[in-house]
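**Q** I would like the atomic coordinates for the input below:
(2 chains)
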Amino acid sequence: MNRIELGVQCRTDVAEALATELEKATGDQVDQVELNNLDGTPTMVLQVMQVAVSLVAAVAPIVAAYITSNKVKKVKLGSIEIENPTREQWEHLWREYVSSKSAGGSGGA
Amino acid sequence: MTSSERLRRIVDFALPKPCEFGEENFAGDSPVRAFCDLLRDRHGLNFHVFVAWACPPDVKVLQSRDRSASAVIRSERLDTLLIEYYHLRRLHNLWAGALARNVTAAGVLRWMCEFLIGYRQPELAILAHTLRPNITGIQLISPFRDETLASIPELDRAALQCFSLGHEVGHLLIPKQKNVTLNALVDGLSLAQHIRTQEQQEGAVPDEILAALADIRERELDAANLLNEVEVDLFAFGTVVDFLCRAFSCPVEVAIEATMLSFECQSFIYGCKGTCQLLSLVATGGLSEEEFRRRDYLIGVEIATRARAIVRRAGLVWTVAEHPSPPAEGRDYNAYVQKIDALIRPTVGFTSLIAEVLHEQVYALLAALGENAGPRRTLWLDSLLRLLEQDPQIRLDIYYILIAFGCSGAVNAAAYLRQMRSSSHPV
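**A** Model (predicted):
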């Protein structure tokens, strides 16, 4: 199955809920680690998973909701990362990706 | 996908782009590898150490949420900066007057330039570099990590690397406590007592200012974080002293001196990094100048408190090492105060000067930010980039910093700095 890597760096207080939603939507496991920068900034959680290309449109709104509530510091889809993403940037990113797949592009998976 | 591949995938995501990374080889230093093995065996830890390049001086600690696996990611620039501090301190007495100040300022401002590039603040980075005094002909280190590490004696080199690693691994082992106050005791003294003693040593300060500072600490100092950092420092200190004594068969005072020096190097470099991070927050509008001053003061309080806790522990470790079986009348811990003082006293002039230089330059940059706020900001960047393009020496120096970060030899310094605020990165 064609897959793409999805990464989310989020706040610890929402990590469990986000991982649960992503796993429920995809049926796949989310790898989670805590990230400490040792500089006094709050600990964050990194979540990485391989998403079936056909499910990107299904998981995108889940991530978008957490971005809107300012709980996400960084997102990655395939070969593109966005730091401090806005909802608009994220939606632009995944829609571009989905349309490139529909048009037969490789999408950087 | 294997667990190793999964870990590498997460490490890749943890790093800002365009960083690269690989398994740490400790520049071939077998004692440091042995130290890592000791930490794994003694504490039952499953941790990996990665080295990152093409990135600013930084360190990150990753831990799986079930605590079964963890990783430390160290920028290779970190060792280089620690050793530059080491050489600045070692050679300080060779220079006098203005030269001593200029050499110190040149080092501090180049570190600030590196940190500010890392925090994506091109204006501040270029400005910091232009403020460097001219010390042409004096070069303390190579820009390359392995050569720099090779420039110091083996025991000191091991101490520097092991203390950093011990501190980072300490964060994996020692959780932050909740509901901590400054009354928390460490080796029989409270954090608050350390702070009070430090204030007393800094000379006469009017009562109303002391009260205002106490109020800032009361409201804003994260006592839980400070206690955690102190505990982690002390863990690293004890582990490294013990390791050095065994690995190098050296007397305990030699191990204590090398480990205290390693703490001092790390403490200053991290303090400088923390202040540059605050400057970058001011630059992005995330912090007011007033908030900057308060938080910069708190960084100073934390550094001083941690240093006092280390010095106290050093005396206790020395006492116990020399008198493993306490005499009937008890150990005379105070007898070691003078011995520790003797280790510190020769470099007080240097540590005071470098702290003063950092403070002076940080506030020069803060003032420049204030003068170039709002719509003037873009013009400011343009003028500094023009300066960079026109001045071959500044361009070459910043080019070398970027090369030392691990950028390609074809990197164009001005173009790199101009585009560094972009937040979207093809991997």
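**Q** For the rest of this, base every contact and every neighbour count on C-alpha atoms.
**A** Fine.
**Q** give me phi/psi at whatever residue of the stretch 51-200 of chain B ends up closest to chain A?
**A** Nearest residue of the stretch 51-200 of chain B to chain A (CA to the nearest CA) works out as B:S64 at 4.1 Å. Note on B:S64: backbone dihedrals following degrees, to the nearest 10 are phi -60, psi 150.
**Q** leaving aside the residues next to it on the chain, what's closest to it?
**A** Residue nearest to B:S64 in three dimensions, not counting chain neighbours: A:V33, with 4.1 Å by CA to CA, 6 or more residues apart in numbering or on different chains.
**Q** what's in contact with the one helix or strand the one you found maps to?
**A** Taking DSSP states H and E as the definition, one finds A:V33 inside strand A:31-36. For strand A:31-36, contacts defined as CA atoms under 8 Å, 6 or more residues apart in numbering or on different chains pick out A:12, A:42-49, B:6, B:10, B:14, B:60-65.
**Q** Which among the residues you listed count as buried?
**A** A:12, A:43-49, B:10, B:14, B:60-64 (16 or more other CA atoms under 10 Å in any protein chain shown).
**Q** Would you mind measuring from B:S267 to chain A?
**A** For B:S267, the distance to chain A (CA to the nearest CA, to the nearest Å) stands at 12 Å.
**Q** Helix or strand: which one has B:N134?
**A** Using DSSP H and E, B:N134 falls outside every helix and strand.
**Q** so B:W380 touches B:L124, yeah?
**A** No: using CA atoms under 8 Å as the test, B:W380 is too far from B:L124 to be in contact (10.0 Å).
**Q** Settle it for me: which of those two has more neighbours?
**A** Legend: neighbour count by other CA atoms under 10 Å in any protein chain shown for B:W380 and B:L124, higher for B:L124 (26 against 17).
**Q** tell me the SS of the more buried one?
**A** Using DSSP: H, G, I helix; E, B strand; the rest coil, the structure places B:L124 in helix.
**Q** which regions of chain A lie under the pLDDT threshold?
**A** For chain A, residues meeting the criterion pLDDT under 70 lie at A:1, A:102-109.
**Q** go with 50
**A** A:106-109 (pLDDT under 50).
**Q** now the residue of it at minimum distance from chain B, which residues is it bridged with?
**A** Nearest residue of chain A to chain B (CA to the nearest CA) works out as A:V33 at 4.1 Å. Beta-bridge partners of A:V33, counted by DSSP bridges, are A:L46, B:S64.
**Q** That one: neighbour count?
**A** 27.
**Q** Of the buried ones among the contacts of strand A:31-36, just say which sits nearest to B:E147.
**A** Nearest to B:E147 out of those is B:K60 (CA to CA; 24.0 Å).
**Q** rewinding a little: quick check, nearest of the buried ones among the contacts of strand A:31-36 to B:V108?
**A** B:K60 (22.8 Å).
**Q** Which other helices and strands does the strand or helix carrying that closest one contact?
**A** Taking DSSP H and E as the criterion, B:K60 maps to strand B:59-64. If you count contacts as 3 or more CA pairs under 8 Å, 6 or more residues apart in numbering or on different chains; DSSP states H and E, strand B:59-64 packs onto strand A:31-36, strand B:70-75, helix B:154-173.
**Q** Let's have those in TSV, adding distance to B:E389.
**A** Shown next, in TSV, are the helices and strands packed on strand B:59-64 (distance: least, CA to CA, whole Å):
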stretch	distance to B:E389
strand A:31-36	37
strand B:70-75	28
helix B:154-173	37
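**Q** any idea how far B:R294 is from chain A?
**A** To chain A, B:R294 is 15 Å away according to CA to the nearest CA.
**Q** tell me which element that residue falls in.
**A** Assigned by DSSP H and E, B:R294 belongs to helix B:289-322.
**Q** The residue nearest to B:S64 and B:E168, how far apart?
**A** 16 Å (CA to CA, to the nearest Å).
**Q** what about the helices in the stretch 151-300 of chain B?
**A** B:154-173, B:191-201, B:207-220, B:223-248, B:252-283, B:289-322 (DSSP state H, counting those that start in this stretch).
**Q** list the helices and strands the very next helix or strand once past the last one packs on?
**A** This points to helix B:289-322. Of the helices and strands lying after helix B:289-322 in sequence (DSSP H and E), the nearest is helix B:335-344. In terms of contacts (3+ CA pairs under 8 Å, 6+ apart), helix B:335-344 is packed against helix B:289-322.
**Q** what's the angle from the helix it packs on to helix B:335-344?
**A** 120 degrees (axes from the mean of the first three to the mean of the last three CA atoms, to 10 degrees).
**Q** and helix B:289-322, what does it pack onto?
**A** Packing partners of helix B:289-322 (3+ CA pairs under 8 Å, 6+ apart): helix B:191-201, helix B:223-248, helix B:252-283, helix B:335-344.
**Q** After the shortest one, which helix or strand is next?
**A** Proceeding C-terminally, helix B:335-344 gives way to helix B:348-371 as the next helix or strand, assigned by DSSP H and E.
**Q** For that following helix, buried residues please.
**A** Using 16+ other CA under 10 Å as the test for burial, helix B:348-371 gives B:350, B:353-355, B:357-358, B:361-362, B:365-366, B:369.
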